[in-house]
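Visitor: Dropping a prediction and its sequence here:
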Amino acid sequence: MTMKKIILIILGLMAVMSCNTLEVEPQNSIPAEGAFQTKEDIERGILGAYASFQSLSYYGRTYLLFSDLAADNLAHPVDATAVEYAEVDSNSILPENGSIAGIWFSGYDGINVANNVIVKVPTIPEMTLEEQNVALAELYFIRALNHFNLMNYFGAIPLKLTPTIGVSGLDMPRSPVNEVFDQIIEDLTFASVYLPPSGDKTRSTKYAAKALLARVYLYKNDYVQAVAMASEVIEEGGYTLLENYADIFADDESSESIFEIYFSEIERNRIAEYNFPHSLNGRREVQPSESLLEAYETNDERFEVSIAFEGTDAYAIKYDDLSLGADNVIVLRLAEMYLIRAEAMVMLNGNIDDIKSDINTIRFRASLLGTSAQTYPQLLLAIERERQTELAFEGQRWFDLVRTERAIDVLSNVNNSTQTLFPIPTGELQTNNHPGMVQNPGY
Amino acid sequence: MNKSENLYPRLGIKSLRHYLLLMMRVFLIVITIGLGSVFGNSSHAQTKIDINVRNVSLEELFKEIQSKSEFIFFYKDNVLHHSVSLKFKNATLKTILDKAFENTGLTYIIDNRQVVIKETQPSGENNGNVKHPSQDKSIKGTIVDEQGAPLVGATVIIKGTSIGVTTDFDGNFELKVPMNTTTLVVSYLGFVTQEIDIVGKTTLDIKMLADNLALSEVVVIGYGTERKALLTGAVTAIKSEQVDDLPVSGVDGILQGQAAGVQVSQNSGTPGGEMSVRIRGLSSISGSSQPLYIIDGIPVTTGDYGQIGYSGQGASALTDLNPSDIESISILKDASSTAIYGARASNGIVLITTKRGKAQKATVNVNVYTGVQRAWNRLDMLNARQWMEYRNDLTNSTVFTEEQMGNITIDTDWQNVIFRTAPINSYEISALGGSEKTKYFIGGTMFKQTGILIGTDYKRLNGRVNIDQELSDKFTIGASIGLTYAKTDRVESDQTLHGPLPNGISTPAIFPVFNEDGSYFQGGPYSNALSIANEAINQNFSYRTNSNIYLDYRIIPGLTFTTKWGVDFLNFREHAFESTKTVQGAKYNGLGFETYSNISNVVSNNLLKYKTDFGNHGIELLAGYSFEQYQYRSSFIRGQDYADDNLQYISAAATIVSASASATDTGLRSYLGRANYNYNDKYLFDVSGRFDTSTKFGQNNRTGFFPAASVAWRISQENFMKNLNVISDLKIRASYGLTGNDDISPFLFSELYGNTSYGGQPAIYPSNIPNPDLKWETTAQLNLGINLGFFNERLTITADYYDKQTNDLLLSRPLPLSSGFSSITENVGKVENKGIELSVASQNFIGKFKWSTQFNISGNRNKVLELYNNQPIDDIGRGGNRIMEGQPIGIFYSFESLGVDPSTGDIVYADTNFDGAITSDDRTIVGNPHPDFIGALTNTFSYKGFDLNVFLQGSYGNDVFHGSRLFLESLQGGDNQLAAITRRWQQPGDITDIPRATTDPVAAAQNKRVSSRFIEDGSYLRVKNVTLGYTINNETMAKTMFNSVRFYISVQNLFTFTNYTGLDPEVNYRGDDNSVIGTDFFTYPQAQTFTLGVNLKL
């Protein structure tokens, strides 16, 4: 009977179709077992670690803006709307501040991605020891930069050297600052040994590692090493100060740039969007503060390169690709090395002429006369102001004022040293049950 | 109409009423003839029939013929006293009747299927076998209902014959019966048919009892149906008539207030937007809490497939379904009714049955309504002058001079700009009918709703064809095909700076809408609301089919095999473009998006059912095998730098800034079964269970078993109760079972690497921490229920108590961020929901004036019993919702505002830990977004042609975080402010609830902390719907082409009683979210809708 045939057909169809019901594979992600097998896989993993720097919480916007905003380079306009920015501007930050948590998370995201690849590198048989060391050097550089960036905002932080694969061992104490410094220096020293001397500036090189070491040593008050590293970069790195200050931000990977974070229209940074006024279709959550406008000396060429006006509203324009957000963000550039060396030499009571020479290298480029500072204290103040204007909107001002313990003197909203460290995000405190995970004082 | 209906009942007093009754009957005959002519054909006369009868009445002969052919006999009641004996093989009707009518004085006319029997001579005259009148006796009587009201048109028939009469206007009848008659049968629609012994009686007073229609009603349950009386679980059935006139776009909308224990919250007034439906509370934290919707046995894809974020005002795949196609909805609430849906059942099940054809003359329904909607509420904002005064106070300077304040030329009421009176229209036509073998329902609807907020529209076209074809005694095949096209115009919402509603409300009145040159004014704090609505295109399109085909095979009596194959296919497309006339568009020189999502779910259900009765034992068995294959494919393109403002598709974009595509597959394989035993309809037992194997879980825990059992005792069936006439139904029920929830993203169990890029090169990163033990969350539910019916079910009460314990929560638990991951999905934690539900339905008046009342109230108590390591999940959403042990999910946890310090004008917060400082440790529980009780009350009245329905719906005891006030009472920044701030603190000694306006950033930030300051009582009572209808009666309509015409006017949201100060108390800016509940953040309010409608039956 035909009906029976129909039923047989249906039952057959059912059997065939239901067989593969349970055979599905992820299409959007790679199962872990197949992720790291070749040298190319390691390369992709390293790039994945760099990609964490592109987060909007990181060099894509917030990390960069907050250092100038917490200090006196940027202010939160009265008519702006982002409460979290207002808190940073007024230096009264709540531990619930989501933007702060974003900075914390993106830093550790980068560390974890790097650690994940670090443990995979020795398992790739096709890589020579040499290749493995180069790969590790790049990953150590990424890990060190993340640890350093986090420490500058939060002080003592958990030192993460192993990847997160399961859920055990995630409760971590905050390691003392000097331990974090030691690890950063160890990682960067390894990187400076094995990385190639030059290459793509959106990836780390030997001199990127040394330049970062120079900054790390300066922050650590190890001035001898800071001078040594800065000098190496200046003398051997092959970088040149651009004649025209405006050119630094005009194109990606200029000869002054040492290390920068890659952005294209796909990853798009939103720095310009948060700086630009409404009438130019920006959000204007930050604006150059009065004290910065006053900090520029007359005829300072850097003023017009850094700041533009729409009516009476000033806005920062170093990163001005509002439409695409495709301008790379510079992390390290040569001018800073001169200022690091100058400052470290002051602290070492070095030769005043050499110090002035380094400062003036930067000033002459900006069409200014040589510095009038003569004494070490005067020189320190001169360097401080030079850093404020030269490196404005490059995410350095807050760290400078905090490391030199000048924040209370300079910033009207900072009355207590506890304000110089950002609060550990509430989310970390609630989930990290290690007794050594405690909030910074004052929060 | 019975095929053997009497043609001309013998009439008593020929009152007007009788003529009317006669007319109705004639009318019915006309219909029947029409029906016959629809399905008749000329070959009927040639139909060959076998007949073998001995000494039967003509009536029995006709029945015999009817059973073997398609002929229908019409005859008067007193013509059939003849007995015949006939034997024919393969005879035509003519041959048979010619023989049968020999010597009877009867003749006949065959017209297609109709056979009309007539007398050749007037009846009453002695002719052959006809009995003499003198042999009859006369019986008189009155028929009344329980209240003693006469029943007009009740039928009285001599048992075993078709001789009978109907009662007159006063309920009286008189019937001549043969002397040997012993029993009369009295029947009336809606009442229990009675047999009356007339031996020795000549007058009768008969009281009719209303029929227990309610109890014999059949309710759709999981993979089957059950008589309402025999239900052992907690099931609420909603019939389409209850919700017909509601001008709502979606299925979820019509559920609101219809069932106890079902909380439906309209998250926003967005046309076509999604709602939150919670059956018996929230049992999941990270999984879905929406019930599983099943249409005609096929699970429905629900949710928001938009890839462009609109923040809580997203699209809802459920809205693609047309409410007017629905015949009934069953809401399955307890474990015994839901466990057969296994791993997806713990949020309850909504079973939707669409209309199907019947063996009847085609009826065509045309339903049309048209109406207008408006915003029923406005916020009281500062006008231009008040704004200027506030700004002067804020800055403590003269921003605006007295002269400027005296000469205000621009005073824009931005709410008038963004809200509008908007039309709503629905046009529906459907046809339903069929023959014994072929039945069909065909319907089509066009629904158009313009939003009350500028820039929003919803339009939907639906078509449905449901067909059932009996192939033979053993086989039936059928199909249900539902097609939908829907187009939604959306606007960005509260979470962006580009939503017309937040931007409009937040723009101070001093700013104009247009510049003098006619271009949009963009100088306000936010981009111009009107420019966004007019110049930004945000559209999404749904192309949807939800269809199935089935085959029923009746193997032997009682044993049936059914195989049903269904597909739910959704093609969802979004198209967005912002020209350079908008701020957003100008930023990118034109910004466009194009997204596609294809979601297909193929389902196969294969069921073997066996049903048998022996003696007092009834047994039903069900075994089933089912599998589902789900595929999701999507693509997304974002482009900018457009060549021209008039070219809105990506091909005109010079820069593609993002292009991606992705895919997800999942599968589910299930075995299910149910056994059901009932003893004498008195003791009822039911066990059911399902094995589900889901690819969402790892190899360690792929398969789950979900059993349930229930018992019920119908005490009213016991002999000791049968004499208690007051109580018509008394049933106590108990059930217990396990159900699951698997609604999480696939592959969360495995260690995965995601893709990204850096420097133009591909890159990978770890994206998921493996958890091979991941499994469904399990809910154990106990249900105790009682059904009570009084006065023959005129008053019914249903009450249920439930206790739902959800274990192994699928919890996306937060990890220390220092791990590099923000969360992992694990089976940890427990949630409890306990509650009571009470439904009361009563027919207060029946008869000419009818009044019935339906009332339901329910209260659910939700509590998180356990989380990972007692770790709260904190600070979710804008209102500070929190998930913590011992409290309901999403409790408001923030600072407690003690009010404004009269000396400083700043808000004082409670220092709950007395450490002298206000830190995040001082946060405390400041509100509960869950209602204590929800309820609804429906009163339905009808009198003559009028009908009136008044539907009230409310929520009591829930708090709402009025997040808009974070900005509208910020007392800083450039946002417009609520008029309430005119009572702000201005000098020491002021006692008020509004803090000072200050440019001190620290004080201003402290004053507008998320705190109890912004928490309000969200209780409300809504006159949700009032509908007044008038049906033009049949007598009038008989002369027209229509069977009936009903006109109605309806008002949705006529009144809302609430103390909530926002636009609408029924809000959630985050949409259908488990933990961000009860938070208003510039949320699109519901509309008040006035509609005028007409229902035509052809």
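Guide: All right, it came through fine. Numbers count the residues shown, from 1 in each chain, chains lettered A, B, ... in the order given.
Visitor: only C-alpha atoms for contact and neighbour calcs from this point on.
Guide: Will do.
Visitor: Now the closest residue to chain A within the stretch 501-650 of chain B: closest residue in space, sequence neighbours ignored.
Guide: The nearest approach of the stretch 501-650 of chain B to chain A comes at B:Tyr588, 4.6 Å away (Cα to the nearest Cα). Nearest residue to B:Tyr588 in three dimensions, chain neighbours excluded: A:Ser323, at 4.6 Å (Cα to Cα, 6 or more residues apart in numbering or on different chains).
Visitor: cool, B:Leu784 as well?
Guide: Distances taken as Cα to Cα, 6+ apart place B:Ala734 nearest to B:Leu784, at 4.5 Å, with adjacent residues excluded.
Visitor: Find the helix or strand that the one you found is a member of.
Guide: For B:Ala734, the element it lies in under DSSP states H and E is strand B:727-741.
Visitor: my guess is the residue nearest to B:Leu784 contacts B:Gln781, does it?
Guide: No - assessed by Cα atoms under 8 Å, B:Ala734 is found out of contact with B:Gln781, at 10.6 Å.
Visitor: List the residues that contact A:Ala209.
Guide: Applying Cα atoms under 8 Å, 6 or more residues apart in numbering or on different chains, we find A:Ala209 in contact with A:141, A:188-189, A:191-192.
Visitor: ok, and the closest non-adjacent residue to B:Tyr630?
Guide: B:Asn601 (4.3 Å).
Visitor: swap in B:Phe791?
Guide: Nearest one to B:Phe791, counting by Cα to Cα, 6+ apart, is B:Val726 at 5.0 Å.
Visitor: The residue in the stretch 101-250 of chain A that chain B sits nearest to in helix, strand or coil?
Guide: Residue nearest to chain B within the stretch 101-250 of chain A: A:Asp109 (4.0 Å; Cα to the nearest Cα). Classification of A:Asp109 by DSSP: H, G, I helix; E, B strand; the rest coil places it in helix.
Visitor: Can you tell me how far it is from B:Leu865?
Guide: Going from A:Asp109 to B:Leu865 by Cα to Cα, to the nearest Å gives 32 Å.
Visitor: Check A:Lys4 too.
Guide: From A:Lys4 to B:Leu865 the distance is 55 Å (Cα to Cα).
Visitor: which neighbours does the helix or strand where B:Tyr108 lies have in its sheet, and in what orientation?
Guide: Secondary structure assigned from DSSP H and E places B:Tyr108 in strand B:106-111. Here strand B:106-111 is paired, per DSSP bridges, with strand B:114-119 (antiparallel).
Visitor: Quick one: name the residues of the stretch 251-400 of chain A near chain B.
Guide: By the rule Cα under 8 Å from any Cα of the partner chain, the part of the stretch 251-400 of chain A lying against chain B is A:262-266, A:278-282, A:322-324.
Visitor: Return the backbone torsion pair for the nearest residue to the residue of the stretch 101-250 of chain A closest to chain B once chain neighbours are set aside.
Guide: Leaving out its chain neighbours, the residue that sits closest to A:Asp109 by Cα to Cα, 6+ apart is B:Gly820, at 4.0 Å. With angles defined as degrees, to the nearest 10, B:Gly820 sits at phi 90, psi 0.
Visitor: picking up where we left off before, can you give the strand pairings for the helix or strand hosting the residue nearest to B:Tyr630, parallel or anti for each?
Guide: Per DSSP H and E: B:Asn601 is located in strand B:591-614. Next to strand B:591-614 in the sheet, as set by DSSP bridges, lie strand B:559-578 (antiparallel), strand B:617-642 (antiparallel).
Visitor: quick one: average confidence on the one helix or strand B:Ile481 maps to?
Guide: Using DSSP H and E, B:Ile481 maps to strand B:475-489. Computed over strand B:475-489, the mean pLDDT rounds to 94.
Visitor: Same check on stretch B:62-71?
Guide: Mean pLDDT, stretch B:62-71: 77.
Visitor: How about stretch B:726-744?
Guide: Computed over stretch B:726-744, the mean pLDDT rounds to 93.
Visitor: Pull out the buried residues from that stretch.
Guide: Residues B:727-744 are the ones in stretch B:726-744 that count as buried (16 or more other Cα atoms under 10 Å in any protein chain shown).
Visitor: now stretch B:58-72, how far from the centre of its chain.
Guide: 44 Å (Cα atoms, centre = their mean, to the nearest Å).
Visitor: pLDDT below threshold where in the stretch 251-400 of chain A?
Guide: Within the stretch 251-400 of chain A, no range satisfies pLDDT under 70.
Visitor: Helix or strand for whichever residue of it sits closest to chain B, just tell me which one.
Guide: Going by Cα to the nearest Cα, chain B is nearest to A:Ser323 of the stretch 251-400 of chain A, at 4.6 Å. In the assignment (DSSP H and E), A:Ser323 maps to no helix and no strand.
Visitor: Could you pull out the buried residues of stretch A:428-436?
Guide: Neighbour count says stretch A:428-436 has A:428-433 buried, by 16+ other Cα under 10 Å.
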